[in-house]
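Enquirer: Could you look at this predicted model? Sequence included:
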Amino acid sequence: MSVLMNLAMFPTDKGTSVSSEVSKVIKMISESGADYKLSAMSTVVETETMEEALKIVQKAYDILNPNSDRIYSAITFDIQNNKKGSRIKSKIASVENKIGIVNK
């Protein structure tokens, strides 16, 4: 199984820059061992099970909650039972290949 999760979670009561808080969540994701790709507005995380993905969501919330009165979160999933491996990279490579972009 492959679970791709697009996760955005951050406090809304810390002003216009929340990179300090978000960096704590990204550190946790990195240390979890899951493959991930950070973007300007969210992070894609790939796990082997839904349980692993939901544990990451809970840990992210647990990191932010003690110092936040309000937390925003948007989460989407793409779950495939017959897939394994790095779909984060393969899905991007498939599209880029079709439009003639070559990654180095």
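Expert: Perfect, thanks for sending it.

Enquirer: Can you tell me the SS state at Gly85?
Expert: Secondary structure, DSSP: H, G, I helix; E, B strand; the rest coil: Gly85 is coil.

Enquirer: Could you pull up the contacting residues of it?
Expert: Contacts for Gly85 (CB atoms under 8 Å, 6 or more residues apart in numbering) come out as Ser2. Where C-beta positions appear, they are placed from N, C-alpha and C, glycine not excepted.

Enquirer: In this structure, where is pLDDT below threshold?
Expert: Residues of the chain meeting the criterion pLDDT under 70: 103-104.

Enquirer: Where do the helices of it begin and end?
Expert: Ranges of helices in the chain, per DSSP state H, are 19-32, 50-64, 87-98.

Enquirer: Point out the one among those that comes closest to Met5.
Expert: Met5 sits nearest to helix 50-64 of all the helices of the chain, at 4.6 Å, using CB to CB.
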